[in-house]
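# how would this look folded up:
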Amino acid sequence: MEPDFSYLFHQSSKDRSRGHPPIAEDSTKWPPEWHTTYYKTYPRLPKIALPDTKPRGDFFDLVQSRKSRRNFADQPLSLETLSSLLRYSCGVVGRLEDGRPRRAHPSGGARFPSEIYPLVFRGSEHLPAGAYHYNFKAHALDILWERDFSEEERRTLFLYPWVKEAAVVFVFTAVFWRSKNKYGEAGYRYILLEGGHIGQNVYLVSEALGLKCSALGGVDNPAIESILDIDGITESVIYALAVGI
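Numbering: from 1, shown residues only. Reported below is the predicted structural model:
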């Protein structure tokens, strides 16, 4: 049986000449983009500021009790709850010694290729239903599209029937160039690892907040990319998690 593409990619990305080009130990010799953290912004779009919150929880208890839960209630999340989920799964939680933002998750080479888009199914007065982008630097939501998602549309976007009851689905995308410009083909591996780091944080923060959370495999990538107005090539969906009460 011939090897499939995933096997071929895994083998190819081991090649140091293409899969992971040599990187000089002296960081002063690196190109400027390797020293730069890139953030996607929507300067012309209105924003919703997120409150500063700090949930509490015993780490070891959270790890022990964490599991996928899918029996969501038909209730929205508060703005404070969404703020905690975003801040402590992938947001800025401090500063490094050189003043750079320190994020809640590790990222290969501090390239931070991930972008997070909350799709709010259960809207409220302070957080209407619609598609949003998480603005990491401002800790705010960029309002992409205020709109309701019909039950049929929710079933189409996410292939599991229980997703339609979730309050919000966090869609993770990757801007591939941010990692691949430094790490070549191996950069794709690091992108997927980063998605896993953030996903586990979403689970643990959900557990701390008494929420239900489940990762998703069945996702209609092209349909979601169309809603988010991304091309699916330079930036594409890599992961999604449903969260609710």
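# which residues of the protein fall in strands?
Shown for the chain, the strands assigned by DSSP state E span residues 47-49, 92-95, 101-103, 114-120, 130-135, 140-146, 168-175, 212-216, 235-244.
# From residue 9, how far off is residue 170?
Noted for residue 170: a distance of 26 Å to residue 9, by CB to CB, to the nearest Å. The way it works is simple: take the backbone N, C-alpha and C, and place the C-beta from them, glycine included.
# Give me the more crowded residue out of those two.
Between residue 170 and residue 9, counted using other CB atoms under 10 Å, the more crowded position is residue 170 (26 against 15).
# quick one, what contacts the residue nearest to residue 89 when sequence neighbours are not counted?
Closest residue to residue 89 apart from its sequence neighbours, by CB to CB, 6 or more residues apart in numbering: residue 201 at 3.8 Å. With contact set as CB atoms under 8 Å, 6 or more residues apart in numbering, residue 201 has these partners: 88, 89, 90, 104, 105.
# nearest to residue 14, of those residues?
Each of these was scored against residue 14 by CB to CB, and residue 105 proved nearest at 25.2 Å.
# Look up how far residue 197 lies from that closest one.
Distance, residue 105 to residue 197, using CB to CB: 4 Å.
# Which residues are in contact with each of those two?
Applying CB under 8 Å, 6+ apart, one finds that no residue jointly contacts residue 105 and residue 197.
# Which one's more surrounded, the two?
The residue with more neighbours, out of residue 105 and residue 197, is residue 105; 20 against 17, by other CB under 10 Å.
# Give me the helix or strand of the chain that scores worst on average pLDDT.
Of all helical and strand segments in the chain, the minimum by mean pLDDT, DSSP states H and E falls on helix 5-12, at a mean of 84.
# For it, list the C-alpha coordinates in CSV.
Backbone C-alpha positions of helix 5-12 (Å, rounded to 0.1, in the frame of the first residue of the first chain) are rendered in CSV as follows:
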residue,chain,number,x,y,z
PHE,A,5,0.2,12.3,2.2
SER,A,6,0.3,12.7,6.0
TYR,A,7,3.1,10.1,6.1
LEU,A,8,5.0,11.8,3.3
PHE,A,9,4.7,15.1,4.9
HIS,A,10,5.9,13.8,8.3
GLN,A,11,9.0,12.3,6.6
SER,A,12,9.6,15.4,4.4
